[in-house]
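Enquirer: Fold the following for me, if possible:
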Amino acid sequence: MLNVIIIDKHKNSTDFLKDFLFKYENTEMIDCFDDFSMIDITKENLKNIDLIIFDIDSNNADECFKKIKTIKEKYKNINFVALSYEINSELVTKTLKEGVREFLLKPLIPTIFETTLKKIENEKNNIKTTDSIAISIFSNKGGVGKTSLAINLAYQIAKKTSKKVCLLDFSLNSEDICTFLDIKPKFNIDFILNNIETSDEKLLLSMIDNYQNSNLYIFSPEKDMNINFKYTPQKTTKIINSLKNIFSYIIIDAPNIINETTLAILNNSNLTLLISMLNLTSIRSLQKCYELFDNIGYKNDKIKLIINRYIEKSDITIKDLENTIKKEVYFKIPNNYLTLIDAINIGKTVEETNPQSNIAKAYGSLAQEIINTDFSNNAKIYNHGVFNLLRRMGE
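Expert: Here you go, the predicted structure:
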């Protein structure tokens, strides 16, 4: 049960919140105030409060921040969620830096608000949703070898751990994974979405292609069956959470476009491998990507930079890159086009076609690095509300 205080002077907002919290069985509204000044922190009346939902704008921001700081010093268990009608990137950034958990845009979207409540409730009850590790492979620029890295990394992790690994294809405009591994999808996405939550493990595995009788499974539904189909944050989360009940590792080949659905993929991932190359266009794209990630509060330990197709005697060095973007390179995958294209041409991974090659060994080393990583502290890195606000600011 979450004990909640509402601080909002707008009647339409408070009416919505009161009604929502009344219907949401695991919350109880303790009090409702017009502004922070009405809360007396000298009393012990906040010790049982789990969440304070408050309205914020540029006019009352300083007052809110001062009060939040004072409350957090005394009651470290209280979560704060900000609501606002104001579309202002500076306000968002300052609010999140004050330790506020979420910044949600009014009018509230019920599904996003409910997701926020569930996460806070699970943390209060010490509930771990899964022991599964989800890793997103992402680049905001095409043509950097993202899909081939996802395929070969997934295969290596499955081989090294002997655990079930799912390679999840979230790109609707490409058949790359199926083409690279010579696989024909069994079902379309509509069928899978309609059955994924109610299916037991055996039935769900029957919908997903097993690769060469190994521990690797390929989730890559037919793409051309419904041109009107679009992934949404809700559908995306539904798929990932269902797969986490079965697979120890989920490797996600994310789209190379930054939108709300893509960020929902990253939000449901323990780690994001950001793929780039050592050339000027890739570095410029990388800088823009990091700017957005920094603005919405991504932590550095959640984003690991991979340099793909690395050439040791390149005009641009790793040190040049790190000095430019002020980020460290996590891993390098050597440029070995011939070995990689040979594997693609026969529908296999490079470990199967040329295990002694430098690129196969690099994929293996990266897989081992990830297997050895402690993901226990890698929790939420993104909230839908912030991106929804940032997206609207760009319209």
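
Enquirer: would you list every one of the strands in the stretch 251-395 of the chain?
Expert: Assigned strands in the stretch 251-395 of the chain, in chain order: 271-276, 303-310, 329-334 (criterion: DSSP state E, counting those that start in this stretch).

Enquirer: now those as a markdown table including distance to Asn372, mean pLDDT and mean neighbour count?
Expert: To be clear about C-beta, it is placed using only N, CA and C from the backbone, and glycine gets the same treatment. Below are the strands of the stretch 251-395 of the chain laid out as a markdown table (distance: least, C-beta to C-beta, whole Å; pLDDT from 0 to 100; neighbours: other C-beta atoms under 10 Å):
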| stretch | distance to Asn372 | mean pLDDT | mean neighbour count |
| --- | --- | --- | --- |
| strand 271-276 | 13 | 95 | 24 |
| strand 303-310 | 13 | 95 | 22 |
| strand 329-334 | 13 | 96 | 18 |
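
Enquirer: Redo the ones you listed as CSV? Include distance to Asp320.
Expert: Output for these, formatted as CSV (distance: least, C-beta to C-beta, whole Å):
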stretch, distance to Asp320
strand 271-276, 13
strand 303-310, 12
strand 329-334, 11
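
Enquirer: quick one: which of those strands is nearest Lys186?
Expert: strand 271-276 (27.6 Å; C-beta to C-beta).

Enquirer: Just the C-alphas of that closest one, formatted as PDB.
Expert: Output of strand 271-276 as PDB, limited to C-alpha atoms (Å, rounded to 0.1, in the frame of the first residue of the first chain):
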ATOM      1  CA  LEU A 271      22.100  -2.100 -20.100                       C
ATOM      2  CA  THR A 272      22.200  -0.200 -23.500                       C
ATOM      3  CA  LEU A 273      25.200  -0.800 -25.800                       C
ATOM      4  CA  LEU A 274      25.500   2.300 -27.900                       C
ATOM      5  CA  ILE A 275      27.100   1.500 -31.200                       C
ATOM      6  CA  SER A 276      29.300   3.900 -33.200                       C
END
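
Enquirer: Retrieve the pLDDT associated with the residue nearest to Phe375 when sequence neighbours are not counted.
Expert: Nearest in space to Phe375, with sequence neighbours left out and distances taken as C-beta to C-beta, 6 or more residues apart in numbering, is Asn270 at 4.5 Å. Looking at Asn270, its pLDDT reads 90.

Enquirer: quick one on the thing from earlier: I'd like to know which of the strands of the stretch 251-395 of the chain is closest to Ile318.
Expert: Across those, closest to Ile318 is strand 329-334 (C-beta to C-beta), at 5.3 Å.

Enquirer: Contacts for that closest one, please.
Expert: With contact meaning C-beta atoms under 8 Å, 6 or more residues apart in numbering, strand 329-334 is reached by 145, 149, 273, 304-311, 318, 321-322, 358-359, 362-363, 365-366, 369.

Enquirer: Tell me how far that strand lies from the chain's centre.
Expert: Using C-alpha atoms, centre = their mean, to the nearest Å, the mean C-alpha position of strand 329-334 is found 21 Å from that of the whole chain.

Enquirer: next one: stretch 109-118
Expert: 16 Å.

Enquirer: Stretch 322-337 now?
Expert: 22 Å.

Enquirer: which one is Gly145 nearest to, not counting chain neighbours?
Expert: Nearest to Gly145 is Asn308, by C-beta to C-beta, 6+ apart, at 4.4 Å.

Enquirer: pretty sure the one you found is touching Ala150, no?
Expert: No. Counting by C-beta atoms under 8 Å, Asn308 does not reach Ala150; the two are 11.1 Å apart.

Enquirer: quick one: the helices in the stretch 151-300 of the chain?
Expert: 176-180, 189-195, 201-207, 233-244, 260-267, 280-295 (DSSP state H, counting those that start in this stretch).

Enquirer: What is the third one packed up against?
Expert: Spelled out, it's helix 201-207. Secondary-structure packing of helix 201-207 (3 or more C-beta pairs under 8 Å, 6 or more residues apart in numbering; DSSP states H and E): helix 189-195.

Enquirer: Which of the residues in the helix it packs on are classified as buried?
Expert: Buried residues in helix 189-195, counted by 16 or more other C-beta atoms under 10 Å: Ile189, Ile192, Leu193.

Enquirer: so how far is Glu352 from the first one?
Expert: Using C-beta to C-beta, to the nearest Å, Ile189 is found at 28 Å from Glu352.

Enquirer: try the second one
Expert: Distance of Ile192 to Glu352, given as C-beta to C-beta: 27 Å.

Enquirer: got it, and the last one?
Expert: As for Leu193, its distance to Glu352 is 32 Å (criterion: C-beta to C-beta).

Enquirer: Would you confirm that Asn77 contacts Ile52?
Expert: No. Taking contacts as C-beta under 8 Å, Asn77 lies outside contact range of Ile52: 11.3 Å.

Enquirer: more crowded one of these two?
Expert: Ile52 (25 against 13; other C-beta atoms under 10 Å).

Enquirer: What helix or strand is the more buried one located in?
Expert: Secondary structure assigned from DSSP states H and E places Ile52 in strand 51-55.

Enquirer: List the neighbouring strands of that strand plus their orientation.
Expert: strand 2-7 (parallel), strand 79-84 (parallel) (DSSP bridges).

Enquirer: C-alpha coordinates for the last one, PDB please?
Expert: Spelled out, that is strand 79-84. What follows is strand 79-84, C-alpha atoms only, in PDB (Å, rounded to 0.1, in the frame of the first residue of the first chain):
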ATOM      1  CA  ASN A  79       9.300   9.600  -3.500                       C
ATOM      2  CA  PHE A  80       8.400  12.700  -5.400                       C
ATOM      3  CA  VAL A  81       6.500  12.900  -8.700                       C
ATOM      4  CA  ALA A  82       6.100  16.300 -10.500                       C
ATOM      5  CA  LEU A  83       3.100  17.200 -12.600                       C
ATOM      6  CA  SER A  84       3.100  20.300 -14.900                       C
END
